[in-house]
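Trainee: sequence and predicted structure, then a few things I'm wondering about:
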Amino acid sequence: MSKVNVAILAMPGVQLLDVVGPSDVFAEANRQSGTDFYAVVVVGLDDSPIRGTSGLRLLPDRTIDDAPDDFHTVLVAGDPLIQERPVPERVLAWVKAASEGPERLGSVCSGAFVLAEAGLLDGRKATTHWSQAAEFARRFPQVKLEPNRIFTRDGNVWTSAGVTAGIDLALAIVERDLGLETALKVARELVVFLKRPGGQSQFSTHLATQIAQRTPIRLAQEYIADNLMAELTVTAVAKRAGMSARNFARQFKQEVGMTPGDYVESMRLEAGRRLAEETNTPMKTIARDLGFNDDVAFRRAFVRKFGVSPVAYRRSFGV
């Protein structure tokens, strides 16, 4: 397993959670996977401490003058006042140069202003903090701004909305790199509620409700998440949990807040939403692979949950 070197660019006035949030997600992913998959460095303008909006200071690992050029992922952290002051030319030059090498380029919160100023978001979908969206749209009309998204991905470019949305973005990256199981473990360890409100609901992972506290029910949730194509009747999942169907259904509803059947459908629909957004797989194939009787049943359930059909969702948010 090759290592992913992550650079997070932080400038004076940075909101520290834009840096620390994703960093903690990647660090926890290492711990949960038992690897050193992610190696994160903070890049500053120089080697002096970076003072954030809270007054706390952050020591950079590298500067834009001596940072290596072998980063796999480059993220630009946000600055709440970034729209009020010009981005230094040396920062734009570094970001442009850095964008030529990594497989993944992204921003947290208002860090999108830096990417846009450097011309790296032209013609791409992007998002930023809601309070700065109007100014962003005015300043960068060539960017396909989606102000109601928690995060966006357009090819290898990822952008996220305000502050804590950087955690959502990092969890999505972990899920893509290391799989759903690791992402779920990270989210659970960090006590992150994963369902996020918005015009089009965005999820960090498949998890659509809270993780149960009791081990048998929690194991059942993990089994469901990893086996969405399997037979997931109450009887079948209860057997996996070592419980009677009646007792399992009662405890599941008490712990999770929904019936096992509703939970399975919710998980399958979230998987279908991601496949509609990130792939060109035919809807009939998605429906079949996720255990729906046919694509009509999948469409009806999708509309009921997300308010639009799978085809309409793909048209608006697909790759």
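Mentor: In hand now; what should we look at? Given the structure is predicted, the values throughout are model-derived calculations rather than measurements. Numbers count the residues shown, from 1 in each chain.

Trainee: if I pick residue 32, what's in contact with it?
Mentor: The contact partners of residue 32, by CB atoms under 8 Å, 6 or more residues apart in numbering, come to 182, 185-186, 189. Heads up, the C-betas are built off the backbone N, CA and C, glycines and all.

Trainee: pick out whichever of these sits closest to residue 28.
Mentor: Comparing the contacts of residue 32 against residue 28 with CB to CB places residue 186 closest, at 4.6 Å.

Trainee: I figured the closest one hits residue 25, correct?
Mentor: Yes: applying CB atoms under 8 Å, one finds residue 186 in contact with residue 25, separated by 6.0 Å.

Trainee: which of the contacts of residue 32 are buried?
Mentor: 182, 185-186 (16 or more other CB atoms under 10 Å).

Trainee: residue 244: which of those residues is nearest?
Mentor: residue 185 (28.1 Å).

Trainee: give me the element that closest one is part of.
Mentor: helix 180-189 (DSSP states H and E).

Trainee: show me the shaky parts of the stretch 51-200 of the chain.
Mentor: Confidence mapping of the stretch 51-200 of the chain against pLDDT under 70 gives the ranges 193-200.

Trainee: quick one: the helices in it, in order.
Mentor: 89-98, 112-117, 133-139, 165-178, 180-189 (DSSP state H, counting those that start in this stretch).

Trainee: now the stretch 201-319 of the chain
Mentor: Under DSSP H, counting those that start in this stretch, the stretch 201-319 of the chain gives helices at 215-226, 234-241, 245-256, 260-278, 283-289, 295-306, 310-317.

Trainee: can you list the buried residues in the shortest one?
Mentor: Going by neighbour count (16+ other CB under 10 Å), the buried part of helix 283-289 is 283, 286-287.

Trainee: adding distance to residue 102, write the contacts of residue 32 out as CSV.
Mentor: Below are these laid out as CSV (distance: CB to CB, whole Å):
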residue, distance to residue 102
182, 21
185, 26
186, 22
189, 27
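
Trainee: quick revisit: spit out the residues that contact residue 186 and residue 25 alike.
Mentor: Contact with both residue 186 and residue 25 is made by residues 171, 174, according to CB under 8 Å, 6+ apart.

Trainee: the helix holding residue 185 to helix 260-278, inter-axis angle?
Mentor: Between helix 180-189 and helix 260-278, the angle comes out at 110 degrees (axes from the mean of the first three to the mean of the last three CA atoms, to 10 degrees).

Trainee: how far does helix 180-189 sit from the chain's center?
Mentor: With CA atoms, centre = their mean, to the nearest Å as the basis, helix 180-189 stands 12 Å off its chain's centre.

Trainee: that helix - contacts with which helices or strands?
Mentor: The contact analysis (3 or more CB pairs under 8 Å, 6 or more residues apart in numbering; DSSP states H and E) places helix 180-189 against helix 16-33, helix 165-178, helix 215-226.

Trainee: buried stuff in the shortest one?
Mentor: Neighbour counts using 16+ other CB under 10 Å place 216-218, 220-222, 224-225 of helix 215-226 among the buried residues.
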